[in-house]
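> My questions concern the predicted model and sequence given below.
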Amino acid sequence: MPNKKHEQLLAFACERIPLLISLLLIFLFFMPLNSVQFNYFRPSVGIICVYYWRLNRQLIFGYFSAFIIGLMLDVYGSTPLGLNALLLLLLVAITTMPSQYLRTSSFSVRWLIFGFICMAIMLLKWLLLMLYFWHFLSLTEIMLGYFSTVMFYPLIATLNVWIAQKFLPPENIDEL
Amino acid sequence: MKQRKVWLIRFGELKVFFRRLFVVLLFLTAFLTILLSRVDSLIVSAVDKVIIDVTGPVMQVLEFPARTMHQAYTYFYDISHIYAENKQLRSENKQMMILQNKVRTLEVENQLLARLLNYVPPQEVSYMSARIIAESGDNFAHLLLVYIGDEAVRKGQVVLSNESVIGRVDTVGEHFAKIILITDINSRIPVLIERTRARGILSGNNTAIPEMIFTRSNADIQVGDVVVTSGVGGLFPSGLPIGFISAVNEDGSMKVEPMADISRLEYVRIVDYGLAGENEFSEDFTESNDAK
């Protein structure tokens, strides 16, 4: 009986790993970089993590996890509370649709699709923020952030693959 | 047996229904929270505070190795530039000595004149230093998270670097505070040009160079003019340096380059000038805008 409880507890902890790892990565990327240039190249790790985990671990990474990550991004990013949460919920919904196809496709296809989805999310965020503040925001910095997010995808995805293989029960064979 | 099967199917359908309802509720919550944050709701700031206080210690732990590495890098960088820096400091020191003599003379003169006019000196300020443990993680916002310990910090207090104003306190948690930088889109500071006293508002735009807006079209403003706080609204005292005019646009707006290199800050000073809080400032500001 205690063994069963122990197993249940372990399973519960395992299910929280994607969320916790995503939050940890987000915190890491909030570190002061002491450089203006690097600040513009800060990737949106939240988008990468939500896309990766939703694509590969749908059963343990759902809307609620994306909502929590979004709230965290709103608080630390000083965007209106709920904005990132809403966008990440949308990202989950968008990623769920082609996930069956994407799960069997190659890494480069997933990366390409990520590029498109990330662009849509960032442009939507830009538009919503302009509407919210009723002020034009420069696109240059956002584009720099977009390119760095797309460039960082393989690195963060590899890290997530390693974590998934090390700590989570198998769900997919080809996760990257 | 058949009835049990029907119940199981119904239970499954109910489960799917509630799961979908939950997703819809999450979307609705996110949307309503955006609307609530537009009206600066107490609930929103409470959520903000709770998240800062819960996650602040994690950030502090993560920031320690990053800070150590940065300090090590700065140490070796400084050593490699020590000769050039020493030469520059010597030349600056000569100029400072001349200025010091001038300042002493002016100080005595100032005291005499103040006595003649029965001038009441401003209240002494109190300040605290706070370590930066995080900065905004994307291109849509410019803010800092600082560790304040048990010090009493209020929303709206002025935040300075060594040289100039860099922002104001936005949210205060138990041990951490969020600082909105002058470059953030949420930042609006009444300012004036030191040379001509032309007034305006320094408006953040999420780039490294904020803008000075609402200035008179015939105002005499040139590139290189120093921008200081005007004291209008009562949130910031007057005369605090902010930056220099770096460009004057055709539409009348001006680019202001901050004096402080915000990206290289490790510590900030949170100053209590004993002025009115932020709410009072925003009311004043709204009224003056309405009057226009």
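Great, that's in hand. Here the structure is a predicted model, which is why all the values come from computation and not from measurement.

> Which helix runs longest in the chain?
Picking chain A for this. helix A:139-167 (DSSP state H).

> You answered for a different chain; I wanted chain B.
As assigned by DSSP H, the longest helix anywhere in chain B is helix B:42-80.

> So B:Leu202 sits against B:Val227, correct?
Yes. If you go by Cβ atoms under 8 Å, B:Leu202 and B:Val227 touch, sitting 6.7 Å apart. Every residue, glycine included, has its C-beta placed from N, CA and C.

> so what does the longest helix of chain A touch, helix or strand wise?
Helix A:139-167 is packed against helix A:2-28, helix A:36-40, helix A:45-56, helix A:107-133, with contacts defined by 3 or more Cβ pairs under 8 Å, 6 or more residues apart in numbering or on different chains; DSSP states H and E.

> quick one: that helix to helix A:2-28, angle?
If you take axes from the mean of the first three to the mean of the last three Cα atoms, to 10 degrees, helix A:139-167 sits at 160 degrees to helix A:2-28.

> buried ones in helix A:139-167?
Neighbour-count burial for helix A:139-167 flags A:141-146, A:148-150, A:152-153, A:156-157, A:160-161, A:164 (criterion: 16 or more other Cβ atoms under 10 Å in any protein chain shown).

> re the thing from before, buried residues, the longest helix of chain B. List them.
The neighbour-count check on helix B:42-80 (16+ other Cβ under 10 Å) flags B:44-45, B:47-49, B:51-52, B:55-56, B:59-60, B:62-63, B:66-67, B:70 as buried.

> ok, now stretch B:33-41?
In terms of neighbour count (16+ other Cβ under 10 Å), stretch B:33-41 has its buried residues at B:33-34, B:36-37.

> Chain A next: which of the residues you listed are close?
B:33-34, B:36-37 (Cβ under 8 Å from any Cβ of the partner chain).

> Count the residues that sit near the residue of the stretch 151-292 of chain B found nearest chain A.
Across the stretch 151-292 of chain B, the shortest distance to chain A (Cβ to the nearest Cβ) belongs to B:Ser263, at 4.2 Å. B:Ser263 has 15 neighbours, counted by other Cβ atoms under 10 Å in any protein chain shown.

> What of B:Leu28?
B:Leu28: 11 neighbours (other Cβ under 10 Å).

> Return the residues in contact with A:Leu19.
By Cβ atoms under 8 Å, 6 or more residues apart in numbering or on different chains, the residues touching A:Leu19 are A:61, A:65, A:68-69.

> Can you name the two of the residues you listed that sit furthest apart?
Using Cβ to Cβ, the contacts of A:Leu19 span at most 10.9 Å, a distance reached by A:Phe61 and A:Ile68.

> okay, the two: which has more neighbours?
A:Phe61 (24 against 16).

> Look at the more buried one and give its secondary structure.
Under DSSP: H, G, I helix; E, B strand; the rest coil, A:Phe61 falls in the coil class.

> Backbone dihedrals for it, please?
Main-chain dihedrals, A:Phe61, degrees, to the nearest 10: phi -120, psi 100.

> ok, and the closest non-adjacent residue to it?
Excluding its sequence neighbours, the residue lying closest to A:Phe61 (Cβ to Cβ, 6 or more residues apart in numbering or on different chains) is A:Trp53, at 3.8 Å.
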